[in-house]
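Participant: Prediction below, plus the sequence it came from.
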Amino acid sequence: MLRDLAETFRPVAPPQLIDNAYSNDQHSRLLNVVRDNGPWPLILAENFKTPEEVIATTSGAIPEGVTLTWDMIGLNPVFRGYLARGGTCFYPEIEDCYYNSRFLELVRNYWGCQYAEPETFLFNIQGPTPIGGPPHLDGTVFRGMTMENTPLWLLLTMAKSRLFDRWRSKKGQVIAWYYNGRIGGGFNCWPDGPSGQAMQINAPMWGKAVVVENEMMFHHGQATGPVAQRKPQGMDISTTFGADPENPTGWQLATSGKINQKVAEQDMRFLVHWGARLFKDMADFRQTYDHSDDIGADQAINMLIADMKTRGVQFVEPTDPLHDNSFVALLSQVYDIGGPSNIPADAMDEAA
Ligand SMILES: [Fe+2]
């Protein structure tokens with residue numbers, strides 16, 4: 001395990017807390033978009049094709065000889081939808097939330113950069129849930145290699161290796177929460193590296209937000225809601241979260257037309273993730289948009305293979321590395337950088 005690498009993961013600046021991320025009017029328009037355009041899929045269903053790819057993102061190791069299944073990974077009942085991507089906001093009624101001058105200024109100041117462009121706008125929505133998996137790093141991109149042309153596991157492996165920092169995009173997020181429940185539901189992060197103290201942002205959190213660089217800081221959501229309701233029965237990878245047609249403020253989890261769980265307004269946790277890409281100055285901006293210093297998948301794979309050889313790893317070179325599960329598993333094993341082990345205890349019902 002490459003613990004020394006893990007310790008290098010620190011955000012460009014300490015997380016910065018803000019209040020009233022969105023106005024009441026903006027919040028209600030955001031929530032209406034979610035109610036009117038659902039139901040929404042599991043996060044896991046969207047990002048991964050195989051359980052090995054999940055492991056590559058969570059710094060875990062796969063024991064030799066073990067074939068992973070979805071059952072072994074577990075299905076955390078957290079759901080996601082996209083509100084905008086790149087220059088396009090999918091819902092005109094929330095354009096002011098996305099092309100957000102206040103947020104652009106916040107991330108420019110956070111990074112000390114001259115320019116910023118909004119890049120991602122998505123939400124997580126959930127009822128009661130267990131802890132949001134082990135602390136993780138968010139997916140990063142590199143000049144020439146993005147979510148559009150590169151699988152997430154490769155982007156994350158590249159990030160964890162620290163071999164590709166020259167090409168790594170500068171990103172900043174404003175993560176906002178709306179959760180009025182009394183049990184858990186907050187956010188844990190490790191701005192001083194994985195062996196440092198966890199910083200906790202605790203619920204209730206209504207419009208509370210944090211300016212962060214989540215690609216370079218381990219973080220996860222806290223367990224949320226009543227313990228007995230955190231593992232709804234009968235879920236599979238197709239389970240969705242949407243408005244309860246029988247309750248104008250309620251929500252429900254459903255699988256193939258069957259309702260797994262009803263979630264009251266009070267127990268629903270809504271996270272709004274706004275992300276931007278930063279450019280230090282005009283030269284940085286031009287280099288990105290001129291593609292004068294891009295990296296491609298072949299070069300990245302070759303660099304990872306060369307690095308593994310330097311580290312003395314024994315392996316057979318893959319013929320089709322991008323679609324070779326055993327190579328994906330090997331990379332996740334070699335670049336298993338670990339993560340924080342000092343995870344604060346879950347909030348239990350008694351703490352309410
Ligand atoms: Fe994350």
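Facilitator: On my side now, so go ahead.

Participant: At which residues are the helices of the protein located?
Facilitator: For the chain, the helices defined by DSSP state H occupy 3-6, 24-37, 43-47, 51-57, 70-73, 95-98, 101-111, 152-161, 282-290, 297-310, 325-334.

Participant: worst average pLDDT in these?
Facilitator: Least confident of the helices of the chain, judged by mean pLDDT, is helix 70-73 with a mean of 58.

Participant: Count the residues that sit near the closest residue to residue 313 other than its chain neighbours.
Facilitator: Once flanking residues are discounted, residue 313 sits nearest to residue 334: 5.5 Å by CB to CB, 6 or more residues apart in numbering. Bear in mind the C-beta positions are built from the backbone N, C-alpha and C, glycine included. Each residue near residue 334 was counted by other CB atoms under 10 Å, and the total is 20.

Participant: tell me the contacts of residue 334?
Facilitator: Contacts for residue 334 (CB atoms under 8 Å, 6 or more residues apart in numbering) come out as 2, 308, 311, 313.

Participant: Ok, residue 344 next?
Facilitator: 188, 198, 200, 222 are the contacts of residue 344 under CB under 8 Å, 6+ apart.

Participant: hmm, back to that, for the buried ones among the contacts of residue 334, write the corresponding PyMOL selection.
Facilitator: Of these, the buried ones go into a single PyMOL selection, burial set by 16 or more other CB atoms under 10 Å:
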select buried, resi 2+308
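
Participant: Return the item of the contacts of residue 334 having minimum pLDDT.
Facilitator: Within the contacts of residue 334, pLDDT is lowest for residue 2, at 75.

Participant: rewinding a little: could you redo the helices of the chain as TSV and give each row distance to residue 212?
Facilitator: Output for the helices of the chain, formatted as TSV (distance: least, CB to CB, whole Å):
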stretch	distance to residue 212
helix 3-6	18
helix 24-37	19
helix 43-47	18
helix 51-57	18
helix 70-73	26
helix 95-98	18
helix 101-111	8
helix 152-161	15
helix 282-290	21
helix 297-310	26
helix 325-334	25
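
Participant: For residue 176, find the nearest of these.
Facilitator: Closest to residue 176 of the helices of the chain is helix 24-37 (CB to CB; 8.7 Å).

Participant: Which of the helices of the chain sits closest to residue 193?
Facilitator: From the helices of the chain, taking CB to CB, the stretch that ends up closest is helix 3-6, at 7.3 Å.

Participant: and the closest one, which residues are buried?
Facilitator: residue 6.

Participant: What are the contacting residues of that helix?
Facilitator: By CB under 8 Å, 6+ apart, the list of residues contacting helix 3-6 reads 59, 160-162, 193-194, 335, 337-339.

Participant: Out of those residues, which is nearest to residue 283?
Facilitator: residue 162 (23.5 Å).

Participant: who's in contact with that closest one?
Facilitator: Residue 162 neighbours (CB under 8 Å, 6+ apart): 5, 8.

Participant: Setting aside sequence-adjacent positions, which residue approaches the spatially most central residue of the chain most closely?
Facilitator: The C-alpha lying nearest the average C-alpha coordinate of the chain belongs to residue 138 (CA atoms, centre = their mean; 4.4 Å). Closest residue to residue 138 apart from its sequence neighbours, by CB to CB, 6+ apart: residue 214 at 4.1 Å.
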